[in-house]
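In: based on what follows, work out the 3D shape:
(one chain, ligands or ions: 1)
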Amino acid sequence: MAVLTVEDVSLSFAGVRAIDGVSFDVGAAELFAVIGPNGAGKTSIFNVLSGVYRPQRGRVTFLEADLLGRRPHEIAAMGLARTFQNVELFHNLTVLDNLMLGRHCHFRYGALSAIAWYGRARRQELAARARVEDIIDFLELAAWRRHPVRLLPYGIQKRVELGRALAMEPRLLLLDEPVAGMNLEETEDMARFVLDIRDELGIPIVLVDHDMGLVMDLADRVLVLDFGRPVALGTPAEVQRDPKVIEAYLGGSPS
Ligand SMILES: Nc1ncnc2c1ncn2[C@@H]1O[C@H](COP(=O)(O)OP(=O)(O)OP(=O)(O)O)[C@@H](O)[C@H]1O
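Out: The predicted structure follows:
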């Protein structure tokens, strides 16, 4: 069963077609990738899914609920978490505190009990702390847990951002260029964690990237975009030998 269904979505900015008739669905334990050259519409799709942009046409269903027209915080609370192309963390806070902030959408207590630190607030805070500690172990961040994020290497900052998204206990994870700017070792680490999230935590993932190699290694299925239009959709093997993809994306002929 699909957790996410995107049907015939189109989005324009003052005459520029950022997304043009895009449809796909994402299965319950699937790692689905969207690739395409610069300006193909990848980030625009993420912005539609997370409620930042509202498309002029189409329909998006997440866990059987209509997504379009909802505000970003509402969509996050429904269980759709995302990471960004550039690291978006609180750089002066520690790893632990950044991850704790990822959990705030789950807190359900009033200001009074929060101030007095009793009852529900205390129980929820302790449960959140335990969950965050699990994520720190899972992503092998223990050595940095008390470090301010700004002092960490870039690859670790990206991993903390992934941890913050996981702290939301997402039902679907959107990863926007998760290895952009990383060296080889950092890329391999990130790829391993992305696969573990799907295989061990069972969280479906939509990954956007223009690194063809990474996507072909990781994804179950791939959607290829060019100028906002869908060019191909299938398994990595199917997509790689599709002449339209070779033409549009690689700009060459099949070998
Ligand atoms: N807020 C906006 N206002 C105007 N045009 C936009 C806006 N966002 C995106 N676009 C345009 O929509 C098209 C698709 O952009 P988008 O950023 O989604 O592509 P992308 O595939 O994510 O590219 P990249 O790989 O460079 O991040 C581009 O022509 C872009 O200029």
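In: moving C-terminal of the one helix or strand Val160 maps to, what's the next helix or strand?
Out: Using DSSP states H and E, Val160 maps to helix 154-167. Using DSSP H and E, the helix or strand that follows helix 154-167 towards the C-terminus is strand 172-176.
In: the stretch 1-150 of the chain: helices as residue ranges?
Out: Along the stretch 1-150 of the chain, counting by DSSP state H, counting those that start in this stretch, helices occupy 42-49, 72-78, 95-102, 111-116, 119-138.
In: for the third one, packing partners?
Out: Okay, so that is helix 95-102. Judged by 3 or more CB pairs under 8 Å, 6 or more residues apart in numbering; DSSP states H and E, helix 95-102 is in contact with helix 119-138, helix 154-167. The way it works is simple: take the backbone N, C-alpha and C, and place the C-beta from them, glycine included.
In: about what we covered before: what's the closest of the helices of the stretch 1-150 of the chain to the ligand?
Out: helix 42-49 (3.2 Å; CB to the nearest ligand atom).
In: report the angle between the closest one and strand 172-176.
Out: 150 degrees (axes from the mean of the first three to the mean of the last three CA atoms, to 10 degrees).
In: by contact count, what packs against helix 42-49?
Out: strand 2-13, strand 16-27, strand 31-35, strand 57-62, strand 80-83, strand 172-176, strand 205-209.
In: who does the helix holding Val160 touch, helix- and strand-wise?
Out: Going by 3+ CB pairs under 8 Å, 6+ apart, helix 154-167 lies up against strand 80-83, helix 95-102, helix 119-138, strand 172-176, helix 184-199.
In: now the stretch 51-200 of the chain against the ligand: closest residue?
Out: Distances between the stretch 51-200 of the chain and the ligand by CB to the nearest ligand atom are smallest at Gln85, namely 6.5 Å.
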